[in-house]
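Undergrad: would you be able to build a 3D model of this:
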Amino acid sequence: MSWTDDRVEILKTMWMEGNSASQIAKELGGVTRNAVIGKVHRLGLSNRATPSKAKAKAAPKAKAAPKTKAPSKPKAVEVSSTSMSVTIPPRKPIITAGQPLPPQPSNSEISAEALQKVAVVEQDAKKLTLMELTERTCKWPIGDPATEDFWFCGLGVESGKPYCEAHNGVAFQPMSARRDRRAR
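TA: A predicted model of the protein is given here:
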């Protein structure tokens, strides 16, 4: 089953009329309730009439002052059927290629002692490729993955951690150090 323009229009119309995802799936045929919910989410549909709202809309209303349109934000999708009603909160935005990453701790926020240990360890590192890594080797990436000069530390890991002692010191900072940074 593919989402043709006609089927999408039927979905939009029925959704705005307040029909449940199950009802829409039954009407369209060859599609599940979850597929309807997924398509509604991808289309960004919301603010639909529920059966009780549809009756309320039928009653005439006094004209209200025109509202200015605020910038749209992701809204929760309401899913209802005869036996239950569920509100699905909007998803967090996904970072795609080309977008800046969220703020990361800078080297100035990491202790000088930890950075010194890392510099010494990286001189002695085994310089493994991805295929050479095991559960007992440090998986700390070094260099730019887009270049030939990219490798992983490869030294022995601390028990239960993915990195060697020096890289754990950078990756897993004590709670008090993180709290101090937030207070600044």
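Undergrad: state the distance from residue 44 to residue 4.
TA: Per CB to CB, to the nearest Å, residue 44 is found 19 Å from residue 4. Just so you know, the C-beta spots here come from the backbone N, C-alpha and C atoms, and that holds for glycine as well.
Undergrad: my guess is residue 21 contacts residue 36. True?
TA: Yes - taking contacts as CB atoms under 8 Å, residue 21 lies within contact range of residue 36: 4.3 Å.
Undergrad: in the chain, which spans are strands?
TA: 77-80, 85-88, 141-142, 151-152 (DSSP state E).
Undergrad: quick one, domains of this protein?
TA: Listed by automatic domain parsing, the domain ranges of the chain are 5-55+75-88, 107-183.
Undergrad: hmm, back to that, lowest average pLDDT across the strands of the chain?
TA: When these are compared by mean pLDDT, strand 77-80 comes last with a mean of 58.
Undergrad: what would the domains of the chain look like in CSV with mean neighbour count?
TA: CSV is the format used below for the domains of the chain (neighbours: other CB atoms under 10 Å):
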stretch, mean neighbour count
domain 5-55+75-88, 15
domain 107-183, 14
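Undergrad: would you map the helices across this structure?
TA: Here the chain has its helices, by DSSP state H, at 5-16, 21-28, 33-43, 51-58, 112-124, 165-171, 175-183.
Undergrad: any chance of the ones you listed in TSV, with distance to residue 136 and mean pLDDT too?
TA: Formatted as TSV, the helices of the chain follow (distance: least, CB to CB, whole Å; pLDDT from 0 to 100):
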stretch	distance to residue 136	mean pLDDT
helix 5-16	52	90
helix 21-28	49	90
helix 33-43	41	89
helix 51-58	60	50
helix 112-124	16	79
helix 165-171	14	84
helix 175-183	27	59
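Undergrad: OK, contacts around residue 142?
TA: For residue 142, the contacting residues are 122, 125, 127, 150, 151, 152, 153, by CB atoms under 8 Å, 6 or more residues apart in numbering.
Undergrad: any idea how far it is from residue 120?
TA: 14 Å.
Undergrad: with residue 17 instead?
TA: According to CB to CB, residue 17 stands 68 Å off from residue 120.
Undergrad: and what of residue 46?
TA: As for residue 46, its distance to residue 120 is 55 Å (criterion: CB to CB).
Undergrad: likewise for residue 138?
TA: Applying CB to CB to residue 138 and residue 120 gives a distance of 14 Å.
Undergrad: what do you get for residue 162?
TA: Separation of residue 162 from residue 120 (CB to CB): 20 Å.
Undergrad: repeat that for residue 7.
TA: Between residue 7 and residue 120 the computed distance is 63 Å (CB to CB).
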